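Need a 3D model of the sequence below.
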Amino acid sequence: MTSLVKIPSMPRTEYDKLLHENHLSRIAFTKNDRAYIAPFLYVFDGKRLYFLPTRYGKKMDFFKTNPHVSVEVEDVAHDMSYYRFVTLSGRLEEIVNPDEKQSVRRMFADLIGNRDLSENALKALGISSHEPVSEILNSNNSMVWALTNVESITALKDTD
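Okay, here's the model as predicted:
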């Protein structure tokens, strides 16, 4: 009989690095015993994850009903020879402070520009791919969310 192999945990320095290195997450919402998972671009400032959700779609209904979510970020090789992931459970909060909103929008513009993402990334933020990246700073097509009140973090990897 083989023994159960448990996936090792990552310390905070490793999962913070994972969060800094990536930009795509999945958010799991719940409402009335139903789950909904959607992909989101994100930025991480070392303390919080931020998102720019468009102002339409199923996610908005789920968010308004229940802002408690789980956010997952992963780094997985196509053949599973390497994998690591972090899941954070907390609450999405709309950022209303104009200075903080502008700062987050600037981080998103930098993300797209510095990582040389396709102009299609703008569509995920409700902006035409024909617009300049700087349109993120002026767009009213998206809200600004932060993951707050993180209650639990699960961070696992393939090896020590």
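
And the pLDDT at Ala109?
In this prediction, Ala109 carries a pLDDT score of 95.

Excluding chain neighbours, what is closest to it?
Spatial nearest neighbour of Ala109, chain neighbours left out: Ile136 (4.5 Å); criterion: Cβ to Cβ, 6 or more residues apart in numbering. Using the backbone N, CA and C atoms, a C-beta is placed for each residue, glycine as well.

The one you found and Gly90, how far apart?
24 Å (Cβ to Cβ, to the nearest Å).

So which of those two has more stuff around it?
Per other Cβ atoms under 10 Å, whichever of Ile136 and Gly90 has more neighbours is Ile136, with 26 against 20.

what residue ranges in this protein score low on pLDDT?
160 (pLDDT under 70).

mind listing what Glu135 touches?
122, 127 (Cβ atoms under 8 Å, 6 or more residues apart in numbering).

which residues in the chain form strands?
24-31, 34-41, 43-44, 49-51, 68-76, 83-94, 145-157 (DSSP state E).

Quick one: those as a markdown table, columns for distance to Ile127 too.
Output for the strands of the chain, formatted as a markdown table (distance: least, Cβ to Cβ, whole Å):
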| stretch | distance to Ile127 |
| --- | --- |
| strand 24-31 | 17 |
| strand 34-41 | 12 |
| strand 43-44 | 16 |
| strand 49-51 | 15 |
| strand 68-76 | 22 |
| strand 83-94 | 19 |
| strand 145-157 | 17 |
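
Comparing the ones you listed, which stretch has the densest surroundings?
Stretch with highest mean neighbour count among the strands of the chain: strand 49-51 (a mean of 22; mean count of other Cβ atoms under 10 Å).
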